[in-house]
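Enquirer: I'll drop the sequence and a predicted model, then ask my questions.
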Amino acid sequence: QVQLVESGGGLVQAGGSQRLSCAAAGRTFSSLAIGWFRQAPGKERVFVAAISRGGEITRYADSVKGRFTISRDNAKNTVYLQMNSLKPEDTAVYYCAAAPIIATMTAGSIIGSWGQGTQVTVSS
């Protein structure tokens, strides 16, 4: 089992940037794909981005392609989400999650349970 803790959220102006971190505890981190999801008030949790175990494969939601970049440092047991050109519609609580492989990274198939998430608020 791996435990994930999100951090780095906050208030940012539209057009700005922010970097989220997902820190993991557990020896299995490098054997898992990691993904980011977000949930806006009154809406379902949706997929944002994912990265494969070794970091060579990434996937993005169409809404963030070209603006967000996911990366990982297995030596530090951490995955990052660099968010640029932020828009008010990016406002949400952001969660990270693990899956055996990137192909199975969906909100309904994560390993373990959801963490507290980190709030990102983009002001217009």
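Expert: Okay, I see it. Residues are numbered from 1 along each chain as shown.
Enquirer: tell me the contacts of Ser17?
Expert: Gln82, Met83, Asn84, Ser85, Leu86 (C-beta atoms under 8 Å, 6 or more residues apart in numbering). Every residue, glycine included, has its C-beta placed from N, CA and C.
Enquirer: and those, which are buried?
Expert: The neighbour count (16 or more other C-beta atoms under 10 Å) marks Met83, Leu86 as buried among the contacts of Ser17.
Enquirer: Next, check the contacts of Ser17 against the strands and list the overlap.
Expert: Of the contacts of Ser17, the ones assigned to strands by DSSP state E are Gln82, Met83.
Enquirer: what's around Gln1, how many residues?
Expert: By other C-beta atoms under 10 Å, 9 other residues sit near Gln1.
Enquirer: how about low-confidence regions in this protein?
Expert: Counting by pLDDT under 70, the chain shows no low-confidence range.
Enquirer: Which residue is the nearest non-sequential neighbour of the residue nearest to the spatial centre of the chain?
Expert: The residue lying closest to the centre of the chain (C-alpha atoms, centre = their mean) is Trp36, at 2.3 Å. Of all residues not flanking Trp36 in the chain, Val48 sits nearest, at 4.3 Å (C-beta to C-beta, 6 or more residues apart in numbering).
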